[in-house]
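Q: Predicted model follows, preceded by the sequence.
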Amino acid sequence: AYFAIRRDARSAAVVAACVPSHWVLDWIVHRPDMPIVPGGARYGLGVWNSVPATLVIELALFLAGVALYMSATRAKDRTGHFALSSLLGLLFVLYFASAFGPPPPNVHVLALSALAIGLTVPWAGWADAHRELAGPGSRR
């Protein structure tokens, strides 16, 4: 579907690789509640049963993803630095707030929070629009 829209085979391959890799990453932290096929056996290592292990593994995965992205791109301008660093800062704060903060006081606040987190998608797009592929002579 991505290739049909964008006509970019390299990016389509990356998107295609992200789908099963997302399942593998979820398998690490989920309890055994993830089926491979509908109605089939359920899998998961259950790291979520340990808060310290969850924090270490999820933060390591987050930092690895950030390192990969930052090694593959560079800012085109000051906005490229500001937009990415502010987004990463917000995501870091929100992660710890969700891990250690109190639960939402009611469903309305939970719904508003879920809608507000959707703002990170255009924010990430804004940051990415002000970055370019790293390396000699590479442009998007």
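A: Perfect, thanks for sending it.
Q: only C-alpha atoms for contact and neighbour calcs from this point on.
A: Fine.
Q: can you give me the strands in this protein?
A: If DSSP state E is used as the criterion, the strands of the chain fall at 34-35, 42-43, 73-75, 131-133.
Q: Tell me which residues are up against stretch 44-54.
A: Stretch 44-54 has contacts (Cα atoms under 8 Å, 6 or more residues apart in numbering) with 26-34.
Q: that older thread, would TSV of the strands of the chain with mean neighbour count be doable?
A: Shown next, in TSV, are these (neighbours: other Cα atoms under 10 Å):
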stretch	mean neighbour count
strand 34-35	15
strand 42-43	15
strand 73-75	19
strand 131-133	20
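Q: Redo these as TSV? Include mean pLDDT and distance to residue 117.
A: Shown next, in TSV, are those (pLDDT from 0 to 100; distance: least, Cα to Cα, whole Å):
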stretch	mean pLDDT	distance to residue 117
strand 34-35	87	24
strand 42-43	92	28
strand 73-75	95	24
strand 131-133	94	22
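Q: Figure out which of these is closest to residue 99.
A: strand 34-35 (21.9 Å; Cα to Cα).
Q: Quick check: neighbours of that closest one in the sheet, parallel or antiparallel?
A: Each strand paired with strand 34-35, and its direction, by DSSP bridges: strand 42-43 (antiparallel).
Q: From residue 49, how far off is the residue nearest in space to the middle of the chain?
A: The C-alpha lying nearest the average C-alpha coordinate of the chain belongs to residue 62 (Cα atoms, centre = their mean; 7.3 Å). Per Cα to Cα, to the nearest Å, residue 62 is found 19 Å from residue 49.
Q: With residue 132 instead?
A: Remark: distance between residue 132 and residue 49 (Cα to Cα) = 40 Å.
Q: now do residue 127
A: From residue 127 over to residue 49 the distance is 34 Å, taken as Cα to Cα.
Q: pLDDT value on residue 84, please?
A: pLDDT recorded at residue 84 is 97.
Q: pretty sure it contacts residue 122?
A: No: counting by Cα atoms under 8 Å, residue 84 stays clear of residue 122, with 11.8 Å between them.
Q: Cool, thanks, talk later.
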